[in-house]
Each structure stands twice: as structure tokens, then as C-alpha cells.
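Q: no FASTA, just this:
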């Protein structure tokens with residue numbers, strides 16, 4: 001009897017592949033793609049896979065339908081907005097994720113963007129490379145996180161971790177909005193204050209987005225919402241690009257209606273070479289790498305394998321990770 005096959009649908013370095021092989025569960029065969037753009041190879045391997053772990057290669061409808069043997073698509077991140085849940089139910093393919101595993105790394109990325117914007121890191125770095133020493137000039141242009149109000153939209157794992165980091169850097173106040181308000185115990189423990197979304201936008205010096213991408217959150221940060229922000233506030237988005245109306249944000253940044261923005265996510269990804277954000281001097285841009293730190297790889301890989309092994313054995317998986325169950329309605 002042949003072993004069940006796990007397809008890692010992404011391009012990984014040899015160092016990462018070694019971790020994946022070293023941690024592989026007994027009785028399973030691993031498969032890797034060799035090229036990000038070789039569709040023929042992808043479709044061939046998808047047809048052989050019992051379990052699929054995508055990373056960086058989109059599971060289009062064609063790809064999902066090609067996975068004739070697949071029992072489960074196991075994500076190693078949290079987001080599943082690109083998946084057609086009805087199609088997965090139709091084909092009886094389960095979908096599970098890895099919610100929570102990126103929280104610390106993504107929260108650190110938020111702090112990186114805040115500090116880079118507040119201290120004008122890109123400008124100072126560029127000037128120094130050109131032989132300009134800006135120590136005196138920057139004294140009245142740079143801003144500290146100390147004493148500021150941090151506003152968090154979406155208070156799940158990442159938002160709560162960011163709250164801890166912000167207070168660790170002596171932020172004065174953390175305010176948040178979430179459709180599911182945290183318990184009084186959590187609010188007290190973290191020192192977080194719940195406010196309606198518009199009030200968070202009005203009162204915060206820093207707005208950090210941690211909302212899932214749903215129909216209700218698409219372009220939720222639009223011209224009207226940006227207009228509520230303080231003129232010297234900054235916006236950081238490490239969630240999903242489509243949460244923000246990019247045209248409205250570009251307009252606000254060009255006209256200095258807000259001080260700046262730090263963006264790790266875009267719509268679409270990657271952004272087009274002529275994206276107007278690239279011409280602005282009050283933005284910091286990174287390539288959707290919030291969770292991409294080396295220390296994060298072993299636990300995420302192990303989570304993928306643990307979920308697959310439990311699925312293969314018919315053992316229950318923590319409900320936090322279940323998006324679509326085989327033979328059952330999906331969670332939306």
C-alpha cells in the first residue's frame with residue numbers, strides 16, 4: 001500500500017526543505033515543486049497529492065479541481081480569503097489553517113513600520129549613503145512611539161500581541177475595535193480599551209489593521225474613514241491589501257492628510273511596477289513578509305504535519321483551525 005503524499009506547493013530554500021524533511025511524519029511521502037511558474041508540473045503533482053500545503057502558489061479553481069485525490073488543504077498561515085469554500089465543499093476537500101502561529105512575527109513587523117515612519121529611516125539611510133549627516137536636521141522631524149495612542153482594528157492574536165509590544169515601548173494608551181469585543185478580563189490584563197471603529201480612527205496616533213478580508217471589510221478603510229484620522233497619524237496594514245481603498249490612501253498621502261503609511265500587503269500582490277505608492281516619500285513598503293522569520297518555520301511546519309496526521313487518523317483537530325470540514329458545512 002502506497003504512503004499518503006503531502007505536496008508542499010511553494011518554492012522553499014534548501015534550508016527550509018531540510019526542516020520540512022527532518023520533521024516529516026513517518027509513513028508519509030513529501031513532494032516539492034521545482035518552479036513557481038511551471039503550471040504543468042503543478043497540475044501533475046496536485047493530481048498525486050493526498051494533502052496539500054500551499055505557500056506562495058495560489059490554489060485557483062483549476063488547481064483545486066486538479067487535486068483529484070486531495071483530502072485536505074492545510075494552510076500554515078491564518079488567511080483563507082482566497083479560497084472558494086463552496087467549491088471545496090462541492091469537491092469534499094477539507095480546509096484548515098494555522099491561526100495564531102504568525103502573531104509575534106507580524107506584530108514585530110508592525111513595530112518595524114511604525115519606527116521606520118516615525119524616525120524617517122528610509123530618508124536618513126538614503127541621505128547618509130549620499131554623504132549627508134542629518135543628526136541636527138532630524139531632531140524636530142522624528143517622532144517617538146513613547147506616550148502615543150495606538151489604535152488596533154482587529155483584536156485577535158496579532159492585535160493582542162501588538163498591544164503588549166506597544167506598552168512595552170511605553171505607548172500611553174492602546175484602544176481597539178473588533179466585531180467581537182474581548183472579555184473584561186482580557187481588556188484588564190492587556191490594558192486595552194474598546195471603542196467604536198470611528199472613535200479609534202479619530203483618537204489614535206497610530207492605526208494598525210488586523211482585520212480579516214471579508215465582504216464586510218473590503219475597502220473598509222476608505223476616504224471617509226481616512227478623513228477621520230489625525231493629520232499627523234500613520235496607518236499600518238499587515239493584514240490584507242484589499243481592506244484599504246488604495247486609491248483613497250494614495251490621495252491622502254499625496255495631500256498630507258495623514259502623515260504616512262506602512263504597508264506589508266497590497267491588492268493585487270505583488271503590486272504593479274507603476275503603483276503610485278512607489279513614488280511617495282511618506283510610505284514604508286514590504287512584501288507581505290510579516291510572518292516570514294526563520295524562527296517561525298519549525299513550529300509552523302510541525303503544525304501542518306500534526307494536523308495532517310490527525311486528519312489521516314480520523315482524530316479531532318482543534319476547532320480554531322477548521323475552516324471547511326469534509327462532508328459538512330463550512331465556517332464563514
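A: Yes, it's here. None of the values given here were measured: they were computed from a predicted structure.
Q: which other residues reach stretch 87-95?
A: Under the criterion C-beta atoms under 8 Å, 6 or more residues apart in numbering, residues 61, 64-65, 67, 70-73, 75, 80, 83, 85, 311, 322-327, 329-330 lie in contact with stretch 87-95. For the C-beta atoms, the positions are set from N, CA and C on the backbone; glycine is no exception.
Q: What of stretch 10-19?
A: The list of residues contacting stretch 10-19 from outside it, by C-beta under 8 Å, 6+ apart, reads 20, 32-33, 35-36, 53-57, 297-298, 301.
Q: Would you mark the buried spots in it?
A: Of the residues in stretch 10-19, those buried by neighbour count under the rule 16 or more other C-beta atoms under 10 Å are 11, 12, 16, 19.
Q: Show me those that map onto strands.
A: Here DSSP state E is the test, and the buried residues of stretch 10-19 give no hits in strands at all.
Q: Go through the contacts of stretch 87-95 and flag which are in helices.
A: Secondary structure defined by DSSP state H assigns 61, 64, 65, 85, 311 of the contacts of stretch 87-95 to helices.
Q: can you count the residues close to the fourth one?
A: Counted by other C-beta atoms under 10 Å, the residues lying close to residue 85 total 15.
Q: List the contacts of the residue nearest to residue 206 when sequence neighbours are not counted.
A: Using C-beta to C-beta, 6 or more residues apart in numbering and skipping the chain neighbours, the partner closest in space to residue 206 is residue 150 (4.9 Å). Residue 150 is in contact with 162, 163, 166, 171, 173, 174, 175, 204, 205, 206, 208, counting by C-beta under 8 Å, 6+ apart.
Q: Next one: residue 150 relative to residue 236, how far apart?
A: According to C-beta to C-beta, to the nearest Å, residue 150 stands 10 Å off from residue 236.
Q: which residues in the stretch 101-250 of the chain form helices?
A: Under the criterion DSSP state H, counting those that start in this stretch, helices of the stretch 101-250 of the chain are mapped to 103-118, 121-129, 157-168, 184-190, 197-203, 223-228, 246-254.
Q: a markdown table please, covering those helices and showing distance to residue 97.
A: Supplementary listing: the helices of the stretch 101-250 of the chain in a markdown table, determined by distance: least, C-beta to C-beta, whole Å:
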| stretch | distance to residue 97 |
| --- | --- |
| helix 103-118 | 13 |
| helix 121-129 | 33 |
| helix 157-168 | 12 |
| helix 184-190 | 22 |
| helix 197-203 | 25 |
| helix 223-228 | 28 |
| helix 246-254 | 26 |
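Q: Name the SS class of residue 272, please.
A: Secondary structure, DSSP: H, G, I helix; E, B strand; the rest coil: residue 272 is coil.
Q: what about it, how many neighbours?
A: Around residue 272 sit 9 other residues, with neighbours defined as other C-beta under 10 Å.
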